[in-house]
Each structure stands twice: as C-alpha cells, then as structure tokens.
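Undergrad: Got a predicted structure plus its sequence, pasted below:
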Amino acid sequence: MKQLLMCLLFLLCASAKASELPPLEIGIWPYMSTQALLTLYHPLQKHLEASLRRPVLFVTAPNQRAFVERTLKGAYPFVITAPHFARLAQEKAGYVPMLRPERNLVCLLLVEKNGPVHRLEDLKNRTVTLPSKITIVTILTLKALEAKGLQPGRDFTLRYALSHNSAVLDVLRGESAASATAATILEQMPASDKTALRVLAKTGEVPPLFILANPSMSKADVAQMKRMLLDFVQHTPEGKSFLKRVAWRGLVEPSDEELMRLDPYVAELNALLGQAK
C-alpha cells in the first residue's frame, strides 16, 4: 500500500511539473488568416500537448515580412515556414531543417470560372491580386507574367493581399481578374470557393514548406519533435485526417540538394527585404 501511495504521489508531482512548464511556441508563416491557421493546426497542437504533457501554442505574425524578421531573430523554437523563408532561416539564423511535406508546392494563377480571362494575355488592363511581394508564389507568378511580356504598372494593375486566401477572395468578390496561390492552399479552401474558380496557368513548382528547429534546441528535443510529428501523421486517425486537409500527403526529411535549389529565390527575397516596407 505504501509503495502504491508513493507511486501515485510521484505521478501527481510529475504531472504538476509538466503543467508548470511554459508553453512551447511553434511559428507558422501567415499564409492564411490567423483564425484559419489556428483551426487548421488544432489537431496537431492537441497531439503535441498530449505527447509532451505541456502547453503548445501555434503562433504567427501580422504579415509575411514580420514573420521572417521574427524567425531570423530566433523567436520560435520550431517553425513551419515557406521554402525560401526556410532556406534563409537556415543560412542566416542556423535553423535546422527537420521535415517537409512529400508534395511539392505548385503555384497556380486563378480566375473566375465563368469570367472573360482565358489566357495570360487577357490580363492586360486588368487587376491582379497577389500575396505579399516576398512570397515565393508572388515571385514565380510575376516571372511567368513577365515571360509573356506583361509588366505590372504598365500592362496590368498589381495589388497585394495579406495572405494567400485573401488574395483569392479578391477574385471571388470581383475585385480582381486573377490571383495566385499554391495548389495545396487552394485545396484547403471551402468547396464552394473552389468550384467558382478556374486555373488559368501553373506558374512554377518548388519544394514545399519546411519544418525547422531553432539552433538553441537540443538534438534530443529536435529528435523528439520529429518523432512526434511523424507519429501523428503516420499512426493516428487525427493525423491522417490532418494530412488530407493540408494536402501534404506525408512528411519526409528534406535533402541538402532541394534546399540548395532555393538559393536563387533567397537572393531575390534578400533584395525584396532590403526595399522599403
């Protein structure tokens, strides 16, 4: 009986110590509204909290630039971020790449399904809404338009939105003729929105987002986080459902080669970050 009481006391103390741990923050780049992101990642948050026995908070920033700046300052112990943001964080702040979705990031230019735009050239004298100018979707889309001889300010009016889904909403509201986003983000949108849109062009394909660890995290903590993430998507019903919602297919370890392929986009990102806000 005495041994049983001691065991119960130990478990209670361990539980109390776990509850006293500060929340573990995981940064997510703001490609959707904050509420949409928190709702989407909620199943993963609950899994990590149960596995770690401590609070876990998914946090973001008001815009893409602020998120990049906070990442480079080491604000996040772990981060889920865009591909060129990830490479920049690895090179400038020492973040350690852990995992990436199996599926590549495919950039799409979207228009109203029954609208008048059927070719890239049809965007002349119209408005195009893109996510923040530092997103890789925007970089690739502008390159595709320039390849067709279309220059922003001269041939079409360019608008920027705070997130990918808000850029798409401009088309649905009739405020823009076209917008760009990633195929995975389009798949996360409501079915009614997707059926009202048509893919005008595929503007590029690059490695997808990456999950990275702050260099201050121990190797044991990084290994533990990697195991928990893989366990979630491979062995739990909630994880498999989450995979379908985010359209990742699965999680794999990134290679050095695919990270190096992002260097041209990092060079452009650095140039854009150097411009006035």
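TA: All right, it came through fine. Model, not experiment: these values are computed from the prediction. Residues are numbered from 1 along each chain as shown.

Undergrad: Centre of the chain to the host helix or strand of residue 138, how far?
TA: Residue 138 is located in helix 136-147, with elements delineated by DSSP states H and E. Chain-centre distance of helix 136-147: 19 Å, with C-alpha atoms, centre = their mean, to the nearest Å.

Undergrad: Can you give me the buried ones in that helix?
TA: 136, 137, 138, 139, 140, 141, 142, 144, 145 (16 or more other C-beta atoms under 10 Å). For glycine as for every other residue, the C-beta is placed from the backbone atoms N, C-alpha and C.

Undergrad: nearest to residue 126, of these?
TA: Lowest distance from residue 126 to the buried residues of helix 136-147 (C-beta to C-beta) belongs to residue 145, with 11.5 Å.

Undergrad: For the closest one, which non-adjacent residue is spatially closest?
TA: Closest residue to residue 145 apart from its sequence neighbours, by C-beta to C-beta, 6 or more residues apart in numbering: residue 120 at 6.5 Å.

Undergrad: correct me, but that neighbour touches residue 202?
TA: No: with contact defined as C-beta atoms under 8 Å, residue 120 does not reach residue 202; the gap is 11.4 Å.

Undergrad: Show me the common contact partners of the two, please.
TA: residue 109 (C-beta atoms under 8 Å, 6 or more residues apart in numbering).

Undergrad: Of the two, which one has the most company?
TA: Higher neighbour count among residue 120 and residue 202: residue 120, with 19 against 13, using other C-beta atoms under 10 Å.

Undergrad: Roughly how far does the more buried one sit from residue 192?
TA: 26 Å (C-beta to C-beta, to the nearest Å).

Undergrad: The helix or strand residue 170 falls within - contacts with which helices or strands?
TA: Using DSSP H and E, residue 170 sits within helix 164-172. Under the contact definition 3 or more C-beta pairs under 8 Å, 6 or more residues apart in numbering; DSSP states H and E, helix 164-172 sits against strand 105-112, strand 127-130, strand 178-182, helix 183-188, helix 191-195, strand 197-206.

Undergrad: Just the CA trace of the third one, in CSV.
TA: Okay, so that is strand 178-182. The C-alpha trace of strand 178-182 is given here as CSV (Å, rounded to 0.1, in the frame of the first residue of the first chain):
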residue,chain,number,x,y,z
ALA,A,178,-6.8,36.9,-61.2
SER,A,179,-4.9,35.9,-58.1
ALA,A,180,-2.2,33.4,-57.3
THR,A,181,-1.8,30.8,-54.6
ALA,A,182,-0.4,27.3,-54.0
